[in-house]
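Visitor: What shape does this take:
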Amino acid sequence: MPRFLCCLLLGLTSLVWAHGGHYLPASGPGATDFKPARTLPTVELRSHENKVFVFPPKGPAVVLFGYTQCPDACPLTLGRLLPAYEALGAPPNLQLLLLSVDERDTPQILQKYLRGFSPVQGLTGKPEAIRQIAEAARVEYNLAPGGRLVFHTDALALLDTQGKLVRMLYGASRLSTAKLKEEIAHLLR
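Guide: Here you go, the predicted structure:
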């Protein structure tokens, strides 16, 4: 293969990885309902305020599985989730959570990142604790070659008032604010 074509192919592959090609299976649009609701493992995490946070939370919650260095899916999802939350009157009992799947995300890094996404709370913890939650929610992730990006399932978990998983929304970064508002409203019923 001519050198030019090799360079072009490598460049296009890099572009895809940098702009949304890093999703793992089950990242396409769709949803899975859990009936009965799925119990998630109880684990101790750290919040972006460096406080102990026992997961799963009590009360309804929307959990984004992501990380602070995500170039596209995570900021897009948060950017649509917040207006949906506000359109519902910012329900005080609803928790919005970013559960980091990147062990490089410390409470301090999460705090800095989330300044622009208040009232979202950031959560991190021991890799084995995060892995337990992700596996129970059917979320996949792993460090990409080169170690900068994390390939991850583009998903939101909806938890009921007992902290049980009732619904997974896949392709979360491609959902509209209106669709997220509808999903959250249904969760709060």
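Visitor: alpha carbons only for contacts and neighbour counts from here, please
Guide: Will do.
Visitor: so who does Leu81 touch?
Guide: Counting by C-alpha atoms under 8 Å, 6 or more residues apart in numbering, Leu81 touches 177, 180-181.
Visitor: give me the element it is part of.
Guide: Here Leu81 sits within helix 73-87, counting by DSSP states H and E.
Visitor: could you dump that helix to CSV, C-alpha only?
Guide: C-alpha atoms of helix 73-87 as CSV (Å, rounded to 0.1, in the frame of the first residue of the first chain):
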residue,chain,number,x,y,z
ALA,A,73,-20.2,11.6,24.7
CYS,A,74,-19.9,12.7,28.3
PRO,A,75,-20.0,16.5,27.9
LEU,A,76,-22.7,16.1,25.2
THR,A,77,-24.9,14.0,27.5
LEU,A,78,-24.4,16.4,30.5
GLY,A,79,-25.1,19.4,28.3
ARG,A,80,-28.5,17.9,27.4
LEU,A,81,-29.2,16.4,30.8
LEU,A,82,-29.0,19.7,32.7
PRO,A,83,-31.6,21.5,30.6
ALA,A,84,-33.9,18.5,30.9
TYR,A,85,-33.5,18.6,34.7
GLU,A,86,-34.2,22.3,34.7
ALA,A,87,-37.3,21.9,32.5
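Visitor: Who are the packing partners of whichever helix or strand comes after it?
Guide: With elements assigned by DSSP H and E, the helix or strand that comes after helix 73-87 is strand 95-100. Secondary-structure packing of strand 95-100 (3 or more C-alpha pairs under 8 Å, 6 or more residues apart in numbering; DSSP states H and E): strand 61-66, strand 121-124.
Visitor: Tell me which of the ones you listed lies nearest to Phe34.
Guide: Set against Phe34 and scored by C-alpha to C-alpha, the helices and strands packed on strand 95-100 come closest in strand 61-66, at 14.9 Å.
Visitor: No further questions, thank you.
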